[in-house]
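Trainee: coords please:
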Amino acid sequence: MKKNPFSIFLISLLFAGFSSCHSSYQTEKLQYSNYRLSPSQPGDSATVSFLKPYHDEVGKTMNDVVGMVDVAMDKSLPESVLGNFMADAFLAMSRDKYNMQVDGAMMNYGGIRLTQLPAGPVTTGKIFELMPFDNLLVLQKLTASQLQQLLDLTAARGGWPLAGITMEIKDNKAVNVMVGGQPLNARLTYTIANSDFVANGGDDAAMLKALPQITNGYLMRDALFDYIKKLKASGKNISANVENRVRYAQ
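Mentor: Sure thing, here's the model as predicted:
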C-alpha cells in the first residue's frame with residue numbers, strides 16, 4: 001500500500017504531541033514545506049478520514065495571519081532587509097528570553113529559506129517556510145579573537161545578517177568591526193546569539209564547536225513569532241532597513 005505523505009506528516013505531529021508530555025526533543029533535519037496539504041491525496045481512505053480533523057486544524061493554524069509586511073523584504077548579500085529583520089528579532093528576543101546582556105546576533109545566510117517575504121499579510125505557514133528547521137537560539141561567550149574569526153568566516157561567505165555588530169569586507173576578511181558602536185576590544189568577551197547549528201560547528205564555524213552554549217530550548221522560529229507579536233503590540237508592522245551593517249570596504 002502506498003503511504004500517504006499527508007498521513008505520515010500528521011501522524012508525526014500526533015506522536016510529537018503525545019511524547020511532549022514526558023520529554024523534549026530537538027529535530028535536527030526536519031524541513032517543513034508544502035504546508036497546504038489536502039486529505040484528498042491518494043492513499044488509505046480510513047487513515048485519511050481518521051486524520052481529517054487534524055488536517056483541518058493544521059491547515060487553519062498555518063493560514064493564521066500573524067503580521068503585516070509594509071514593503072517586500074528580499075534576501076541578498078552582503079546585507080538585506082530580510083536578513084536585518086531576522087537578526088534584529090534574534091537579538092531582541094535573546095535579550096528577553098535569556099534576561100541578560102547580549103552584544104550581537106547573527107544568522108547564517110543559508111539558513112534563510114525564502115528569497116523574499118512579500119508585502120502584505122504574513123501567515124504562520126510563511127514563517128515556517130522562512131525557517132523550516134527546528135534550530136535553537138543559543139548564546140556563546142566569545143573572545144574578541146574568536147569573534148573576529150567568526151566574522152572573517154562570514155566575510156568569506158559574502159556577509160551574513162548581523163544585529164548589534166557592523167563590519168566591512170576586505171579581501172574576504174572582516175575589517176572595521178564595531179560591536180555596540182564600539183571597536184572590537186581585545187580585552188572584552190562578547191555574548192553572541194546564534195543558531196545551534198552554527199554554534200555546533202555548522203557552515204564551517206569550527207571555531208565555535210568547543211565553546212560552551214547557553215540554551216533554554218528556545219527555537220529561532222519562535223523568536224520570529226514573538227518578535228512579530230512584540231512589534232504588533234507596539235503598533236508596528238514587520239519591517240527593517242539596509243543600514244550598512246555589512247558592506248564592502250571602499
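Trainee: show me where the protein has strands.
Mentor: Shown for the chain, the strands assigned by DSSP state E span residues 65-69, 73-74, 104-106, 116-117, 120-123, 137-143, 162-163, 165-170, 173-179, 182-183, 189-195, 246-248.
Trainee: reformat those as TSV; add mean neighbour count.
Mentor: Using the backbone N, CA and C atoms, a C-beta is placed for each residue, glycine as well. Putting the strands of the chain into TSV (neighbours: other CB atoms under 10 Å) gives the following:
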stretch	mean neighbour count
strand 65-69	17
strand 73-74	19
strand 104-106	26
strand 116-117	20
strand 120-123	15
strand 137-143	21
strand 162-163	26
strand 165-170	21
strand 173-179	18
strand 182-183	10
strand 189-195	23
strand 246-248	18
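Trainee: closest to Gly217 out of those?
Mentor: Evaluated over the strands of the chain, closeness to Gly217 peaks at strand 137-143, with 9.5 Å, by CB to CB.
Trainee: ok, what's across the strand from Pro183?
Mentor: Under DSSP bridges, the beta-bridge partners of Pro183 are Met178.
Trainee: that one touches Met167, doesn't it?
Mentor: No: applying CB atoms under 8 Å as the test, Pro183 and Met167 come out as separate, 11.0 Å apart.
Trainee: distance-wise, check the residue nearest to the spatial centre of the chain relative to Ala233.
Mentor: Nearest to the mean C-alpha position of the chain, counting by CA atoms, centre = their mean, stands Met220 at 4.5 Å. According to CB to CB, to the nearest Å, Met220 and Ala233 sit 20 Å apart.
Trainee: what about Ile127, neighbour count?
Mentor: For Ile127, the count of nearby residues is 21 (other CB atoms under 10 Å).
Trainee: repeat for the one 5 residues further on
Mentor: Look at Pro132: counted by other CB under 10 Å, it has 17 neighbours.
Trainee: ok, now Ser76?
Mentor: By other CB under 10 Å, the residues close to Ser76 number 15.
Trainee: ok, it - contacts?
Mentor: Contacts of Ser76 were listed using CB atoms under 8 Å, 6 or more residues apart in numbering, and they are Gly83.
Trainee: swap in Met100?
Mentor: Counted by CB under 8 Å, 6+ apart, Met100 has contacts 139, 191.
Trainee: now swap in the one 4 residues further on and tell me
Mentor: The contact partners of Gly104, by CB under 8 Å, 6+ apart, come to 91, 162-165, 179-180, 190, 192-193.
Trainee: go through these and name the one nearest Lys229.
Mentor: Proximity of the contacts of Gly104 to Lys229 (CB to CB) peaks at Leu91, which lies at 16.1 Å.
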